[in-house]
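Asker: With the sequence up front, the predicted model follows.
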Amino acid sequence: MTELANARDLGGLPTADGRTTRAGVLYRSDAPHEGDGGPGLPNWPPALVIDLRATAEHSGAAHPLAGPDTSVRRIPLLEAVVADLNEPSTPVSPAAKDLAAVYVGMLKASAAEFVEVLRLIAVAEGPVLVHCAAGKDRTGVAVALALSAVGVDREAIVADYVRTQANMEAVISRMMGGVLLPEGMDFEPVRHLFEAPARAMEAVLDRLQAHPDGPRGWLDEQGLSPSTLDRLTTRLVG
């Protein structure tokens, strides 16, 4: 039996006002596979799964966690990155990409999708799992937005992101042979894209904090209503 390599509960993270995030409400992970065992998280399986993978990564196949008690919403991100991953002749090849720039670019290009992710987390009735392929990049930015919005300390958000680094060998092993890491692909030119450096997440948080009203102001500007932000905070913070 296989198991998720990068799954965790986002409970227990400190906020600026001295509270902590609730356990058993928001999870993050790499992509579930058919036949995976439970990851040992409370209240598993989640009531809602938000799958951020590009369409080519799942080809429309049924999600492994879909069932009577678990609904799945697919919100594809990084379609262009997936499309050119194996095209080194493209103007900006994957080997030349910088994670910090990719993440900040996602904030601009996918703001509407991130707003929808946070809205779904806010209104869900039960635990929510957010995942992509590795549970690092698309998931990392989405989670950072949610945690920033509810006041989680910057250092805690960065530390949670960096935790993925220790899981990456197992994540890569699970991804081998898939769309992102097809058989025979030269892995070395893109190895840096499978790391989790603190500076990449710090770049995201810097961009959010640069807004005059901080992360909440940035999200409000992108279309996430103050009432939804309040509901998100109530859901995530104890």
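Answerer: Thanks, I have it.
Asker: Isn't His63 up against Arg73?
Answerer: No: here His63 does not reach Arg73: they are 9.7 Å apart, not a contact under CB atoms under 8 Å. To be clear about C-beta, it is placed using only N, CA and C from the backbone, and glycine gets the same treatment.
Asker: residues shared between the contacts of these two?
Answerer: Taking CB atoms under 8 Å, 6 or more residues apart in numbering as the contact rule, His63 and Arg73 both touch 49, 51.
Asker: The two - which one has more neighbours?
Answerer: His63 (19 against 15; other CB atoms under 10 Å).
Asker: Quick one: the helices in this structure, in order.
Answerer: Secondary structure of the chain (DSSP state H): helices at 55-58, 79-84, 99-109, 111-123, 138-149, 154-162, 168-175, 198-209, 214-222, 226-236.
Asker: contacting residues for the residue most central in space within the chain?
Answerer: By CA atoms, centre = their mean, the chain has its centre lying nearest to Thr139, at 0.6 Å. Shown in contact with Thr139 (CB under 8 Å, 6+ apart): 28-29, 52, 130-132.
Asker: Next up, the contacts around Leu181.
Answerer: Contacts of Leu181 by CB under 8 Å, 6+ apart are 172, 175, 187.
Asker: Give me the buried entries from those.
Answerer: Applying 16 or more other CB atoms under 10 Å to these, the neighbour count classes 172, 175 as buried.
Asker: Out of the contacts of Leu181, the closest to Leu219 would be?
Answerer: Met175 (30.4 Å; CB to CB).
Asker: you'd agree Trp44 is up against Gly38?
Answerer: Yes: using CB under 8 Å, Trp44 is in contact with Gly38, at 5.1 Å.
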